[in-house]
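Undergrad: Quick one, what's the 3D model for this:
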Amino acid sequence: MAYVRCMRAVFSWILAVSLLACPAAHQGSTDAMVVDAGPELEPDAGPPGPMDLSLTVTANDGVLEVLEGSSVDAVRSLELRFPVRLKDFRVRLLDWQDKIVPSDESLTEDGLGWIIRPTAPLKSGRAYVVKVDAELGPEISDESGGTWTDWALSFQLSGELQPEPSTKQPANKKKRKK
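TA: Numbers count the residues shown, from 1 in each chain. As a prediction, the model looks like this:
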């Protein structure tokens, strides 16, 4: 109990000395105090928005560059080249019906390319789309934390349009009863 009284006395003495040492701050001055807060800064606009992703696409082991809307000969493989190493992304090859084309896919050794090898030949005269988009989050991200917009490239295989296989079931013949 004596310790608490002693601490109260010390605290009161420190408070009194500090108030007496700064009399101007406690006299109710009507002058406005000016505080220098440093240079004025623009309000924070937040993190930068996603950057546009631009890829180079070549077909058949780099022999042919594929451009948006172009018509290309038979495609055995497609290689996409990224400007940076991406981490949250997926690559899809879609046909004219927006169905995923079955393919073997792999990342290149340097991590800046993606190779797509369709398991079956693509149909001539048909349109295809290569899409790169985010796999888990809302935006594609790279190893440095940057974000990128989704990307798509449409192209068409040159040649005569191949008809789609008939999915119509043959009509069952009714047997007549005798």
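Undergrad: Alpha carbons only: can I get stretch 107-121 in CSV?
TA: Output of stretch 107-121 as CSV, limited to C-alpha atoms (Å, rounded to 0.1, in the frame of the first residue of the first chain):
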residue,chain,number,x,y,z
LEU,A,107,5.4,-25.0,-69.9
THR,A,108,8.7,-24.3,-71.6
GLU,A,109,12.0,-24.7,-69.6
ASP,A,110,12.5,-20.9,-69.3
GLY,A,111,8.9,-20.5,-67.9
LEU,A,112,8.1,-17.9,-70.5
GLY,A,113,6.2,-20.1,-73.0
TRP,A,114,3.3,-22.5,-73.2
ILE,A,115,3.1,-25.2,-75.8
ILE,A,116,-0.2,-26.7,-76.9
ARG,A,117,-0.3,-29.9,-79.0
PRO,A,118,-3.8,-31.0,-80.0
THR,A,119,-4.3,-34.7,-79.6
ALA,A,120,-6.3,-34.9,-82.8
PRO,A,121,-5.9,-32.8,-86.0
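Undergrad: in this protein, what secondary structure element scores lowest on mean pLDDT?
TA: Between all helices and strands in the chain, the lowest mean by mean pLDDT, DSSP states H and E belongs to helix 2-21, at a mean of 69.
Undergrad: For the helix or strand just after that one, enumerate the helices and strands it packs against.
TA: Downstream of helix 2-21, the first helix or strand assigned by DSSP states H and E is strand 56-59. Judged by 3 or more Cβ pairs under 8 Å, 6 or more residues apart in numbering; DSSP states H and E, strand 56-59 is in contact with strand 64-65, strand 78-81. Where you see a C-beta, it was placed from the backbone N, CA and C, and this is true even at glycine.
Undergrad: rerun that using 7 Å as the cut-off
TA: strand 78-81 (3 or more Cβ pairs under 7 Å, 6 or more residues apart in numbering; DSSP states H and E).
Undergrad: Give the buried residues for the strand it packs on.
TA: 78-80 (16 or more other Cβ atoms under 10 Å).
Undergrad: and if you look at stretch 69-80?
TA: 72, 75, 77-80.
Undergrad: Turn the residues you listed into JSON lines, including pLDDT and distance to Ser124.
TA: Formatted as JSON lines, the buried residues of stretch 69-80 follow (pLDDT from 0 to 100; distance: Cβ to Cβ, whole Å):
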{"residue": "Val72", "pLDDT": "84", "distance to Ser124": "10"}
{"residue": "Val75", "pLDDT": "84", "distance to Ser124": "10"}
{"residue": "Ser77", "pLDDT": "88", "distance to Ser124": "17"}
{"residue": "Leu78", "pLDDT": "88", "distance to Ser124": "16"}
{"residue": "Glu79", "pLDDT": "89", "distance to Ser124": "21"}
{"residue": "Leu80", "pLDDT": "88", "distance to Ser124": "22"}
